[in-house]
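S.K.: Need coordinates for the below:
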Amino acid sequence: MLENVLVKRNCSARVKIAVKSLVSAGLVLLAVVLPQLVHAAFGAQGGVLLMPMYLPVLLGGCLLGTVWGLGVGILSPIVSFALTYAFGNPMPALARLPFMTAELAVFAVISGAFSKKIAENGWMAFPAVVLAQAAGRAAFLLLALVFSSVSAITPAAAWSQVAAGMPGMFLQTVLLPFAVMGLKKLLAKSRE
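M.R.: Below you'll find the model as predicted:
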């Protein structure tokens, strides 16, 4: 979606990279800060329930497309782990980090695949979010199954996390597309 705006404004490649880099960095920062706020307000269970890191990644895919969204999806859990590890309470936990990184990468790629369609029709953010969530959660479950013999994340534990995160998934399915459509309108107005 953002690419379409930058192309319509005849921005140079340098400006496009700068804008996408700033937006990506802001989304990764949001993916680090938002879980901290949720955990502070609702405890550890709030993170499992609301899945706050997933929101900026889905937004990144919808706004930035597949490649830049993938960068946000991969970097978000890694940067969060690195920064929070330095303060003694790593989030996500080390055992969950590779699974979450892969899961968020899938979220970003699938939602990013809809970016151009979202630029044409903001309502496309709904299937983008739903399909990204379904594919990402399925990837998490599949990885838990494949690596169950060498990982602390068993298929049962993965399924438990998926089930516990349903309220967050529902909230994101409802709220995120409206946020994307609002940003689309805001960007369209700023072109005028």
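
S.K.: if I look at the residue nearest the centre of the chain, how far off is residue 176?
M.R.: The centre of the chain sits closest to residue 57, judged by CA atoms, centre = their mean, with a distance of 1.6 Å. Residue 57 sits at a distance of 10 Å from residue 176 (criterion: CB to CB, to the nearest Å). (Each C-beta comes from the backbone N, C-alpha and C, glycine too.)

S.K.: Quick check, the residue nearest to the centre of the chain in contact with residue 72.
M.R.: Yes. Applying CB atoms under 8 Å, one finds residue 57 in contact with residue 72, separated by 5.7 Å.

S.K.: Quick check: closest non-adjacent residue to residue 2.
M.R.: Using CB to CB, 6 or more residues apart in numbering and skipping the chain neighbours, the partner closest in space to residue 2 is residue 63 (4.9 Å).

S.K.: Who are the contact partners of the one you found?
M.R.: Residues counted as contacts of residue 63 (CB atoms under 8 Å, 6 or more residues apart in numbering) are 1-2, 23, 69, 115, 180, 183.

S.K.: so what sits against both of residue 57 and residue 72?
M.R.: 27, 31, 108.

S.K.: Report the mean per-residue pLDDT for the helix or strand the last one falls within.
M.R.: Secondary structure assigned from DSSP states H and E places residue 108 in helix 97-112. This predicted structure assigns helix 97-112 an average pLDDT of 97.

S.K.: Which helix or strand lies directly C-terminal to that helix?
M.R.: Using DSSP H and E, the helix or strand that directly follows helix 97-112 along the chain is helix 115-120.

S.K.: In this structure, where is pLDDT below threshold?
M.R.: 190-192 (pLDDT under 70).

S.K.: where do the helices sit along it?
M.R.: If DSSP state H is used as the criterion, the helices of the chain fall at 2-8, 13-42, 44-50, 54-64, 66-86, 97-112, 115-120, 125-146, 155-164, 166-191.
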